[in-house]
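Enquirer: Sequence first, predicted model second:
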Amino acid sequence: MFIFLVVLVIYSTIYRKKELLKIVSAVPVDSTTLAQIPSCGIHASVDIITPVPNSKVFLFTAYLDFRRNRIVRIIGITHRKTSKKLFCLLCFSNDSYSIAAEIQVHTDHFDFPYATTDLLCNLIDQRIPRFILVYHGFDPIESGPLLPFLKIKNQEVQLNALLRTFQYEFVVCISTMFGHYNNVLQFIQMIEMYRILGAQKVIIYKTNCSPLVMKVLSYYQKLDIIEIIPWPITKYLNVSLGWNFPVHPGEIHYHGQLVTLNDCIYRNMYRTRYVCLNDIDEIIIPVAHQNWHDMMESLRKQNPEANIFQFDHHLFPIDMSTENSSSESKAWNSVPGINILQYSYRKISKRHVFNPVKMIINPRAVIKTSVHSALEYFGKQIQVSMGVGMLCHYRNSTELHREKDISVKDKVLWKYKEKLTNRVNHVIDELGLLDRQEHLR
């Protein structure tokens, strides 16, 4: 009798799993399971990065996305060799249902074990979910004791087609701040240049920085210029300091930069006309115009089908000869960091060498992006002529390119010199950075 009962239990378990494997689309959660799941929002995730229990999956943000199909798109990270099936539990005001997630690993992962990933959760009817969670297996309760829900963003703007007035014209996305960043002077100069050129908001994904930089960040936060998104990626993964695996060891490409770039596009998709994707030591400088607005208006008129505009990279090495300091900038000597106005030698780009362009994009036209190009998008992606605009990058040169004879003098930044100097002086004075006792090292 005992043997018969054991066999019966085993058979029942196998039969149940076979039946569950027949799931194709929506899987309504039964009343027993619903009773055990916390009410939507009560256990909403308070972590910036949400691990899926018992998996190699990390979730960042969830967005409603109706541009192609009616889906919830979750931006996250997965191990590229994971084989676990994932399910989305979509939460409404009075009930929930589960559906199999479509896992889309981004093609630009540079061979690192973990990669930026989109989890797509299809909506099977006209209702709009408020929260969502992801689990593996066939029962959300089995995934772990606590089930953190993600709040689904971009709801109101998706549902109301009339909301097409943008809060901003240009938002700048700075994908990573790390290494206890302390380049205070250059940081202030960059933020002020973005503002001069037309940016109304700068989004910074911050892992860490020095206390003095944090003081500067807080100043700009109070002015509603900077928005800080915490990015505690090092809590979960061993990040690489570079892009080339395994030359640059780690579990994920360059501090998880691709995750934050994609998130910044979706986060700002309906509140800004354009998104500028570059690093904190880079500026896209208009050559034929004075500001981004005039430059982009001209480019759009000439290229009405274009939505992604790539600007060629030009290195201004900070380890080469410098300009003589002006009387104004000499006062900046007590502020940590470099003064970009002192570096006006531009390295000549070689045609056969990869050019790490950066972009200004229409965020509503981009599905997925990499660092230097959009991976999936609507419309066209075009290369902008150097005579119209150029990406100026202020950093150390490589060992192979330090000779002066492969550089040319280029003072493209200097048309903004007076305005930039006055703005930087104002910020430094406001923060009391010229008073040595104010320094927070």
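Expert: That came in fine, so what should we check first?

Enquirer: Excluding chain neighbours, give the residue nearest to Ala365 in space.
Expert: Nearest residue to Ala365, sequence neighbours excluded (Cβ to Cβ, 6 or more residues apart in numbering): Asn307, at 3.6 Å. C-beta coordinates here come from the backbone N, C-alpha and C atoms, glycine included.

Enquirer: What is the neighbour count of the one you found?
Expert: When neighbours are defined as other Cβ atoms under 10 Å, Asn307 has 21 of them.

Enquirer: just the helices in this protein please.
Expert: For the chain, the helices defined by DSSP state H occupy 2-20, 31-36, 155-159, 184-197, 211-222, 257-267, 292-302, 327-330, 417-431.

Enquirer: Return the most buried member of those helices.
Expert: Of all those, helix 257-267 has the most neighbours on average by mean count of other Cβ atoms under 10 Å, namely a mean of 25.

Enquirer: roughly how far out does that one sit from the chain middle?
Expert: Helix 257-267 sits 3 Å away from the centroid of its parent chain (Cα atoms, centre = their mean, to the nearest Å).

Enquirer: Residue ranges of each domain in this protein, please.
Expert: Domain assignment of the chain by automatic domain parsing yields the ranges 26-159, 168-438.

Enquirer: could I get those domains as a markdown table with mean pLDDT?
Expert: A markdown table is the format used below for the domains of the chain (pLDDT from 0 to 100):
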| stretch | mean pLDDT |
| --- | --- |
| domain 26-159 | 83 |
| domain 168-438 | 92 |
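
Enquirer: Identify the residue nearest Ser344 in space, chain neighbours excluded?
Expert: In space, and not counting its chain neighbours, Ser344 is closest to Lys411: 5.0 Å by Cβ to Cβ, 6+ apart.

Enquirer: and if you look at Pro317?
Expert: Pro317 sits nearest to Ser397 (Cβ to Cβ, 6+ apart), 3.6 Å away.

Enquirer: quick one on the thing from earlier: mind checking which of the helices of the chain is nearest Gly389?
Expert: With Cβ to Cβ as the criterion, Gly389 lies closest to helix 292-302 of the helices of the chain, at 5.6 Å.

Enquirer: Roughly how far does the residue nearest to Ser344 sit from Ile283?
Expert: Lys411 is 14 Å from Ile283, where distance means Cβ to Cβ, to the nearest Å.

Enquirer: Comparing those two, which shows the higher neighbour count?
Expert: Ile283 (27 against 11).

Enquirer: what's the more buried one in contact with, if anything?
Expert: 190, 193-194, 197, 391-392, 413 (Cβ atoms under 8 Å, 6 or more residues apart in numbering).

Enquirer: Now tabulate those residues in JSON lines and tack on distance to Thr322.
Expert: Shown next, in JSON lines, are those (distance: Cβ to Cβ, whole Å):
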{"residue": "Met190", "distance to Thr322": "18"}
{"residue": "Met193", "distance to Thr322": "18"}
{"residue": "Tyr194", "distance to Thr322": "23"}
{"residue": "Leu197", "distance to Thr322": "24"}
{"residue": "Leu391", "distance to Thr322": "21"}
{"residue": "Cys392", "distance to Thr322": "15"}
{"residue": "Leu413", "distance to Thr322": "13"}
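
Enquirer: Of the residues you listed, just say which sits nearest to Leu315.
Expert: Of these, the one sitting nearest to Leu315 (Cβ to Cβ) turns out to be Cys392, at 8.5 Å.
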